[in-house]
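Enquirer: Model the following, please.
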Amino acid sequence: FFRVFIRCARARARAPLLLGDMAGAGKTPEEEAYERKQEYKAYLHKHGVIEALNNATVALFEESPFPENPLAYIARRISPDYVALEEKCRDLEGVVASLKHSHGRK
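Expert: Modelled structure (predicted):
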């Protein structure tokens, strides 16, 4: 009787370890989705995306009157390269217009 009792007690003592190992394997789809969402948030925070978007939307809110194109405004606030490319595009449009004018085209 004591041998059986001791074996059962040992088996019960090991059971939580075995169940603990299996607990991570059987996640529900909701748990997996929540975990993925948390990883995504951490990724965005790590790279400063959340802060940049918050700063851009606050600046947009403080504009008076609101800009015609809010997406372009936010892009300019987030990426200085956007502003440089926009200026270069305007310069090139001017060059094209002057070339057309010098060749007699409209």
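
Enquirer: Tell me where this structure has strands.
Expert: Remark: no strands are assigned in the chain by DSSP state E.

Enquirer: and the residue nearest the centre of it, what does it touch?
Expert: Nearest residue to the geometric centre of the chain (CA atoms, centre = their mean): Leu44, 4.2 Å. Counting by CB atoms under 8 Å, 6 or more residues apart in numbering, Leu44 makes contact with Ile50. C-beta coordinates here come from the backbone N, C-alpha and C atoms, glycine included.

Enquirer: what about the chain, any weak spots by pLDDT?
Expert: For the chain, applying pLDDT under 70 flags the ranges 1-25, 105-106.

Enquirer: related to what we said a few turns ago, separation between the residue nearest to the centre of the chain and Ile50?
Expert: Applying CB to CB, to the nearest Å, the value for Leu44 to Ile50 is 5 Å.

Enquirer: just Pro80 next, same as before
Expert: Using CB to CB, Pro80 is found at 19 Å from Ile50.

Enquirer: for Glu86, same thing?
Expert: With distances taken as CB to CB, Glu86 is found 25 Å from Ile50.

Enquirer: now Thr57
Expert: For Thr57, the distance to Ile50 equals 11 Å [CB to CB].

Enquirer: before we move on, what about Glu39?
Expert: Counting by CB to CB, the separation of Glu39 from Ile50 is 14 Å.

Enquirer: now stretch 69-84: how far from the chain's centre is it?
Expert: Relative to its parent chain, stretch 69-84 has a centroid offset of 18 Å by CA atoms, centre = their mean, to the nearest Å.

Enquirer: for the residue nearest to Asn55 when sequence neighbours are not counted, what are its contacts?
Expert: Excluding the flanking residues, the one nearest Asn55 by CB to CB, 6 or more residues apart in numbering is Arg77, at 7.0 Å. Residues near Arg77 by CB under 8 Å, 6+ apart: Ala52, Asn55, Ala56, Ala59, Leu60.
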